[in-house]
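# this is the structure alone, sequence omitted:
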């Protein structure tokens, strides 16, 4: 397809882009700037006082309570990324290379599971893991004692719920990357005597890196903001950042603090992504130098 | 057994196994909900006692259910139209043109996806309450519509951009050479070819908006949608009406996903078989 050069004075480009730009400017950029501004104010008797100082930020940095929650959130998000990516790799590979006849059916099954209402599915997990739920019912039939598994309302349950809701993102991004790999490359690797696992490691995996990274970033960001699964399945015993922010706004009505915590989470997320991006570039360069 | 055969077996075991495990994993809560919706007991315990449809009746008798359903439908419908149009226009600009600040434009349109959803909702909530104080309005379905549009448009954009990627623009030239006006080219060639992408984007947008909890929760004020209705319901202890609600909402979602796939496959077949009678 030809790609035409076009300038901003062309009404065609203006019609195509300006509506979305206006929406994003008014309801995404400005709100974000407002949040940054708000984090420099303080609150008194549930009212925002325009003070323009660092009181709220000092508050954030001196209370270890917030940092414990931030660390826990970061850990949970990273566990989700690792689990989602390692589960998605074989599934995406099988979709592309093993089950071409079933590919479409499996894809539709996954898309449907993905698009079904997340909160209802999370509730489904509660019914499944409940003390008198489906899992324990089956375990009892098999001869285990009553309420043999007791993972509901633990962080493990929260992780299961989060992976459940985030897994489709990595499956589909990795699948899209793998589907575009030239099959001749893989055939060439086999012909030169590479084993299946070596071919996967040296050809398929590096070539599916764009999808893998996109999926990992999406899962990481969504994991940082998770609130439903930790609350409904995790039982609220170990609150994460999103729950903390919600409470700060709703229960404590401390908007400046909520705003600075929001920026803190986004900042931690951005720094983590930059750090891993930097690491990845370094590693790629190292690999290139050795081969 | 040779190493080669052992390796093949191990690879097959891992690959088929992971697909089966993933599908089972995805359908455990869905199957659980459907099974529990037919229970007779008011306690959601396993094994399920009896078979009845009484909780479906109880669901419709619940006074908040129909307003929430109506709210969800309105919200998803408006968001679908807005996001699909905005996403379609932006996708054309992304894929077919080259212009200054294109990278900035692309980064900006994708930026909302890099925000945790609850934080995006909170950030917009702050702004809407400031605007609301100033202009004298309060949060309603409309603020939720704007939140959803910001978040869902990038998804619609990607789906349509993929469709544009495979677009053969010599068809447009051919139509123009045969004397079609710009409008006719758009109506007879461009839109019909891009239609499967636009249609799937619309269905995706609808279902994403329909199931969205985080943004609606922060932005909808006092108006209810199904996800917020369910959230406040299960926070007060699990009631047997929610499995019934889940089962009812799964059916149209399944039909929509199937329909989108049907259109996509039919379009792909047509492309493969080449021009037929027009």
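All right, it came through fine. Computed from a predicted structure; not experimentally measured. Residues are numbered from 1 along each chain as shown, chains lettered A, B, ... in the order given.
# what segments of chain B are helices?
In chain B, the helices defined using DSSP state H lie at B:3-36, B:54-61, B:65-96, B:102-110, B:117-135, B:141-165, B:170-177, B:182-185, B:191-211, B:214-219, B:226-235, B:241-273.
# give the contact list for residue A:117.
The contact partners of residue A:117, taken as C-beta atoms under 8 Å, 6 or more residues apart in numbering or on different chains, are B:210-211, B:226-227, B:230, B:246, B:249, B:253. From N, CA and C alone the C-beta is placed, and that goes for glycine too.
# what about chain A: which of the residues you listed touch it?
Residues of the contacts of residue A:117 in contact with chain A (C-beta under 8 Å from any C-beta of the partner chain): B:210-211, B:226-227, B:230, B:246, B:249, B:253.
# what sits up against the helix or strand hosting residue A:61?
For residue A:61, the host element (DSSP states H and E) is helix A:55-62. With C-beta under 8 Å, 6+ apart as the test, helix A:55-62 has contacts from A:39-42, A:66, A:256-257, A:259-261, A:264.
# before we move on, back to that, report the two of the ones next to chain A among the contacts of residue A:117 separated the most.
Farthest-apart pair in the ones next to chain A among the contacts of residue A:117 is B:230 and B:253; separation 14.6 Å (C-beta to C-beta).
# tell me how many other residues surround the residue in the stretch 51-200 of chain A that chain B sits nearest to.
As assessed by C-beta to the nearest C-beta, chain B sits closest to residue A:124 within the stretch 51-200 of chain A, at 2.7 Å. Using other C-beta atoms under 10 Å in any protein chain shown, residue A:124 is surrounded by 27 other residues.
# tell me the secondary structure of it, please.
Under the three-state scheme (DSSP: H, G, I helix; E, B strand; the rest coil), residue A:124 adopts helix.
# give me the number of residues near the residue lying closest to it once chain neighbours are set aside?
Nearest residue to residue A:124, sequence neighbours excluded (C-beta to C-beta, 6 or more residues apart in numbering or on different chains): residue B:29, at 2.7 Å. The tally of other residues near residue B:29 (other C-beta under 10 Å) stands at 25.
# these two touch, right, residue B:29 and residue A:130?
No. Using C-beta atoms under 8 Å, residue B:29 is not in contact with residue A:130, being 11.8 Å away.
# can you pull up the most central residue in chain A?
For chain A, residue A:219 is the residue whose C-alpha lies nearest the centre (C-alpha atoms, centre = their mean; 1.9 Å).
# wait, what's in contact with that residue?
Per C-beta under 8 Å, 6+ apart, neighbours of residue A:219: A:77, A:80-81, A:84-85, A:166, A:169-170.
# now residue B:151
B:112-113, B:117, B:120, B:208, B:212, B:215.
# dump the residues you listed to CSV, plus pLDDT.
Below are the contacts of residue B:151 laid out as CSV (pLDDT from 0 to 100):
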residue, pLDDT
B:112, 89
B:113, 85
B:117, 87
B:120, 90
B:208, 89
B:212, 90
B:215, 92
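# my read: the residue of the stretch 51-200 of chain A closest to chain B touches residue B:35, true?
No. With contact defined as C-beta under 8 Å, residue A:124 does not reach residue B:35; the gap is 9.7 Å.
# is any part of stretch A:256-276 close to chain B?
Yes. Stretch A:256-276 reaches chain B (C-beta under 8 Å from any C-beta) through A:258-259, A:262, A:265-266, A:269.
# swap in stretch A:133-148?
Yes. For stretch A:133-148 and chain B, the contact criterion (C-beta under 8 Å from any C-beta) is met by A:133-134, A:136-138.
# want to throw those residues into CSV with secondary structure and neighbour count?
Converted to CSV, the residues of stretch A:133-148 next to chain B look like this (DSSP: H, G, I helix; E, B strand; the rest coil; neighbours: other C-beta atoms under 10 Å in any protein chain shown):
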residue, secondary structure, neighbour count
A:133, coil, 21
A:134, helix, 23
A:136, helix, 23
A:137, helix, 17
A:138, helix, 15
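# out of those residues, who's nearest residue A:150?
Of the residues of stretch A:133-148 next to chain B, the one sitting nearest to residue A:150 (C-beta to C-beta) turns out to be residue A:136, at 8.4 Å.
# that closest one contacts residue A:148, correct?
Yes. Look at residue A:136 against residue A:148 with C-beta under 8 Å: they come within range, at 6.0 Å.
# name the residue of the stretch 151-291 of chain A that lies nearest to chain B.
residue A:225 (2.3 Å).
# the nearest residue to that residue once chain neighbours are set aside and residue A:73: what is the separation?
Counting by C-beta to C-beta, 6+ apart, residue B:116 is the residue found nearest to residue A:225 once chain neighbours are left out, at 2.3 Å. Distance, residue B:116 to residue A:73, by C-beta to C-beta, to the nearest Å: 10 Å.
# what pLDDT is listed against residue A:209?
pLDDT recorded at residue A:209 is 87.
# one more: residue B:70?
93.
# tell me the buried residues in the one helix or strand in chain A whose mean pLDDT sits lowest?
Here the helix or strand of chain A ranked lowest by mean pLDDT, DSSP states H and E is strand A:47-49, holding a mean of 78. Residues residue A:48 are the ones in strand A:47-49 that count as buried (16 or more other C-beta atoms under 10 Å in any protein chain shown).
# check which helices and strands it sits against.
strand A:42-44 (3 or more C-beta pairs under 8 Å, 6 or more residues apart in numbering or on different chains; DSSP states H and E).
# the residue nearest to the centre of chain A belongs to a strand, doesn't it?
No. Read with three-state DSSP, residue A:219 is helix and lies in no strand.
# one step back: please spell out the ChimeraX selection for the buried subset of the contacts of residue B:151.
Here is the ChimeraX command that selects the buried residues among those (16+ other C-beta under 10 Å):
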select /B:112,113,117,120,208,212,215
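# now the contacts of residue B:151 as JSON lines including distance to residue B:67?
What follows is those, written out as JSON lines (distance: C-beta to C-beta, whole Å):
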{"residue": "B:112", "distance to residue B:67": "28"}
{"residue": "B:113", "distance to residue B:67": "31"}
{"residue": "B:117", "distance to residue B:67": "24"}
{"residue": "B:120", "distance to residue B:67": "26"}
{"residue": "B:208", "distance to residue B:67": "22"}
{"residue": "B:212", "distance to residue B:67": "18"}
{"residue": "B:215", "distance to residue B:67": "19"}
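# next, count neighbours for the closest residue to chain A within the stretch 101-250 of chain B.
Closest contact between the stretch 101-250 of chain B and chain A, by C-beta to the nearest C-beta, is at residue B:116 (2.3 Å). Residues contacting residue B:116 under the criterion other C-beta under 10 Å number 26.
# list the contacts of it.
Applying C-beta under 8 Å, 6+ apart, the residues near residue B:116 are A:221-222, A:224-226, A:242, A:265-266, A:269.
# how about low-confidence regions in the chain?
Assuming you mean chain A. A:1, A:291 (pLDDT under 70).
# oops, I was thinking of chain B
For chain B, the stretches with pLDDT under 70 are B:1, B:237-238, B:271-278.
# try it again at 50.
B:276-278 (pLDDT under 50).
# give me the element residue A:96 is part of.
Assigned by DSSP H and E, residue A:96 belongs to helix A:64-97.
# touching chain B at all, that helix?
Yes. Helix A:64-97 is in contact with chain B by C-beta under 8 Å from any C-beta, via A:87, A:90-91, A:93-95, A:97.
# got the residues of the stretch 151-291 of chain A near chain B?
Residues of the stretch 151-291 of chain A lying near chain B (C-beta under 8 Å from any C-beta): A:164, A:167, A:171, A:195-197, A:217-218, A:221-222, A:224-228, A:232, A:242, A:245-246, A:249, A:255, A:258-259, A:262, A:265-266, A:269.
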